[in-house]
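[1] okay, sequence plus prediction incoming.
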Amino acid sequence: MTVSPNPPSRAQTRGSRTPPTIATLIILAGVAVTAMNIFLPVLPEISSDLGVSPAVGQYVLTLFLAATGFAQLFIGPLSDRYGRRPVILWSIVVFIFGTLVCIFAPNIEVLLIGRLLQATSAACIALSRAVIRDLYDRTKAASMIGYVTMAMAVMPMLAPSLGGFIGENYGWRATFFVLLLMALGMLLLTWFDLGETHEPRKEPVRALVADYFSLTKEPVFWGYVATSSLSSGAYFAFLGGAPFVGVDIIGLGPGVLGVYFGLVAIGYMAGNFISGRYSQRIGIEPMMFYGGLVACLGVVITLFLMASFTPQAGYLFYPMLLVGLGNGMVLPNANAGAVSVRPELAGSASGIAGFIQIGGGAALASLAGSLITVENQAMPLYVIMFLSSLGGALVAAIMYFRARAQR
């Protein structure tokens, strides 16, 4: 299916000259998210093979998350200035080089350098949202982002299972080889099916910087950003701590652990379907509010079960279905709201929102990974998840009642 654009007048470049299909946007964002979690089941193996502690091995995830968030601060404004297409293409090229570094890394330091380079995949996540906002109005964009993220959730749902299988049979480096193949395919797809959707701006850099900072003075923008960041924070903390809990506390193997990780993505996909189907009818703020409540409920159930009974995989992973469901309702709507505050700065808005969301997630993942031990039964992880999801639900409630008061 091809979206209906508001075509730029002079922004066409070599390669495809038509707006991207929805499938292209799904694949771009999906492969970028896959880079985040395909190796999670073999993270303990990476630490062991490179001779580092599990806490240091966690940097393979947390440093990538932090760099991904930081990169979006620049990727968004660059796409507003030069267009979406060239920024995405160059980002994929750098990602390919970083993946090669990871494949041949002789130690943890080189592996982390490769992960830093892979963080340019942030362009595919942030700019897929900006492209959608280029093509649709505010409420329609929320629905389209919901459908795109619903479909792209299939890839990170399968990625941990695939990573666990590959890691058990071929070693952890093979997971990065799979990412290399995906990235090469993504480069070709982008070249042939991602025409420019945004007219590059010709203003002086000073004017662009002024516009960039003017966006940060919009209170409503920060409401959307806080909702998305806090709501997703519980999930990122989960990513940082769940591999340790699954392997060292519950005793799961990498393959089984990967399958359980897929449960969260199933919930997320269902939440995105709800967003795609009902956001236009119900509205952005109500969807954020209801989703925040659902996600918070899932974390409360996890906290209760893991604190009250002997830890089991079902107690940790089954309630995370609700967390994924709630996030699937919150994030498309919060992101659509953020990029709609100043539509002409959709790339910058998406970049700032992505920086806060993923950078904050990296901090929470790192914090969770550093605090949990076998002795404390990973209780700090569940507390962090609860506080983050509760904060997201509270901000979503404020945004909801504010929107109702303005009707």
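    Good, I have the coordinates. In this text, all values refer to a predicted model and were calculated from it rather than measured experimentally. Residues are numbered from 1 along each chain as shown.
[2] tell me how far stretch 192-204 is from the chain's mean position?
    In terms of C-alpha atoms, centre = their mean, to the nearest Å, the centre of stretch 192-204 is set 24 Å apart from its chain centre.
[3] put the alpha carbons of that stretch into PDB.
    The C-alpha trace of stretch 192-204 is given here as PDB (Å, rounded to 0.1, in the frame of the first residue of the first chain):
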ATOM      1  CA  PHE A 192      14.600   2.000  -4.400                       C
ATOM      2  CA  ASP A 193      11.600   2.800  -2.300                       C
ATOM      3  CA  LEU A 194      12.000   5.900  -0.200                       C
ATOM      4  CA  GLY A 195      11.500   9.100  -2.100                       C
ATOM      5  CA  GLU A 196      11.800  12.400  -0.300                       C
ATOM      6  CA  THR A 197       8.800  13.400   1.700                       C
ATOM      7  CA  HIS A 198      10.100  16.600   3.200                       C
ATOM      8  CA  GLU A 199      11.200  19.800   1.400                       C
ATOM      9  CA  PRO A 200      14.700  20.500   2.700                       C
ATOM     10  CA  ARG A 201      14.800  23.900   4.500                       C
ATOM     11  CA  LYS A 202      17.100  26.600   3.200                       C
ATOM     12  CA  GLU A 203      17.200  28.900   6.200                       C
ATOM     13  CA  PRO A 204      20.500  29.800   7.800                       C
END
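[4] quick check: buried residues in that stretch?
    Within stretch 192-204, the residues scored as buried using 16 or more other C-beta atoms under 10 Å are 193-201. From N, CA and C alone the C-beta is placed, and that goes for glycine too.
[5] show me those that map onto strands.
    Assignment to strands by DSSP state E places none of the buried residues of stretch 192-204 there.
[6] list the buried residues in the longest helix seen in the chain.
    Using DSSP state H to define each element, the chain has its longest helix at helix 254-282. Buried residues in helix 254-282, defined by neighbour count with 16+ other C-beta under 10 Å: 254-276, 278-280, 282.
[7] tabulate the buried residues of stretch 192-204 (CSV), appending distance to residue 24 and pLDDT.
    CSV is the format used below for the buried residues of stretch 192-204 (distance: C-beta to C-beta, whole Å; pLDDT from 0 to 100):
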residue, distance to residue 24, pLDDT
193, 5, 80
194, 6, 80
195, 10, 79
196, 13, 81
197, 11, 76
198, 16, 76
199, 20, 76
200, 20, 74
201, 24, 69
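[8] output the one helix or strand residue 115 maps to as CSV, restricted to C-alpha atoms.
    For residue 115, the host element (DSSP states H and E) is helix 108-118. Provided in CSV are the C-alpha atoms of helix 108-118 (Å, rounded to 0.1, in the frame of the first residue of the first chain):
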residue,chain,number,x,y,z
ILE,A,108,34.6,-5.9,24.8
GLU,A,109,36.0,-2.4,24.0
VAL,A,110,35.9,-3.0,20.2
LEU,A,111,32.5,-4.6,20.5
LEU,A,112,31.2,-1.5,22.3
ILE,A,113,32.7,0.8,19.5
GLY,A,114,30.7,-1.3,17.0
ARG,A,115,27.6,-0.9,19.0
LEU,A,116,28.1,2.9,19.1
LEU,A,117,28.3,2.9,15.3
GLN,A,118,25.2,0.7,15.1
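[9] check which residues of that helix are buried.
    Under 16+ other C-beta under 10 Å, the buried positions of helix 108-118 are 108, 111-112, 114-118.
[10] residue 305: which of the residues you listed is nearest?
    residue 115 (33.1 Å; C-beta to C-beta).
[11] how about the closest one, nearest residue that isn't a chain neighbour?
    Spatial nearest neighbour of residue 115, chain neighbours left out: residue 64 (4.5 Å); criterion: C-beta to C-beta, 6 or more residues apart in numbering.
[12] do I have it right that that neighbour meets residue 36?
    Yes. Counting by C-beta atoms under 8 Å, residue 64 sits close enough to residue 36 to count as a contact (6.7 Å).
[13] neighbour count winner among these two?
    Neighbours per residue (other C-beta atoms under 10 Å) separate residue 64 from residue 36, with residue 64 holding more: 26 against 22.
[14] before we move on, which element is the more buried one in?
    With DSSP H and E as criterion, residue 64 is part of helix 59-82.
[15] for the helix or strand just after that helix, packing partners?
    Following helix 59-82 in sequence order, the next helix or strand is helix 84-103 (DSSP H and E). Other helices and strands packing on helix 84-103, by 3 or more C-beta pairs under 8 Å, 6 or more residues apart in numbering; DSSP states H and E, are helix 59-82, helix 108-118, helix 122-135, helix 173-193.
[16] got the contact list for the second one?
    Contact partners of helix 108-118, identified using C-beta atoms under 8 Å, 6 or more residues apart in numbering, comprise 35, 46, 50-52, 56-57, 59-60, 63-64, 67, 94-95, 97-105, 176, 179.
[17] just the buried residues of the residues you listed.
    35, 46, 50, 52, 57, 59-60, 63-64, 67, 94-95, 98-103, 105, 176, 179.
[18] helix or strand: which one has residue 211?
    Here residue 211 is assigned to helix 205-215, by DSSP H and E.
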